[in-house]
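Okay, structure incoming, though there's no sequence with it:
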């Protein structure tokens, strides 16, 4: 799934959950959540070790 597709699905999910003018569709909400959860999340890179000055 591309970044653009992910953003579109998140926008639709946000609209379904938060827009009072939009009729709630539980099946669509669960479908979107399932599709989004299948998307692999990038692993965060571990922080670089702190460099310490040698003790005198």
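It's in. Computed from a prediction, not measured in an experiment: that's the story for all the values here.

Strands of the chain, residue ranges please.
Taking DSSP state E, the chain contains no strands at all.

Output the contacting helices and strands for the lengthiest helix in the chain.
Using DSSP state H, we find that the single longest helix of the chain is helix 3-18. Judged by 3 or more C-beta pairs under 8 Å, 6 or more residues apart in numbering; DSSP states H and E, helix 3-18 is in contact with helix 26-38. Where C-beta positions appear, they are placed from N, C-alpha and C, glycine not excepted.

follow-up on the earlier one: tilt between the longest helix of the chain and helix 26-38?
In terms of direction (axes from the mean of the first three to the mean of the last three C-alpha atoms, to 10 degrees), helix 3-18 departs from helix 26-38 by 140 degrees.

buried sites along helix 3-18?
9, 13, 16 (16 or more other C-beta atoms under 10 Å).

Nearest to residue 1 among those?
Residue 1 has its nearest neighbour among the buried residues of helix 3-18 in residue 9, at 7.9 Å by C-beta to C-beta.

Next up, the contacts around that closest one.
Contact analysis of residue 9 by C-beta atoms under 8 Å, 6 or more residues apart in numbering lists 1, 32, 35-36.

quick revisit: mind putting the buried residues of helix 3-18 into a markdown table with pLDDT and distance to residue 22?
Shown next, in a markdown table, are the buried residues of helix 3-18 (pLDDT from 0 to 100; distance: C-beta to C-beta, whole Å):
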| residue | pLDDT | distance to residue 22 |
| --- | --- | --- |
| 9 | 95 | 15 |
| 13 | 95 | 11 |
| 16 | 95 | 6 |
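
closest to residue 24 among those?
residue 16 (6.6 Å).
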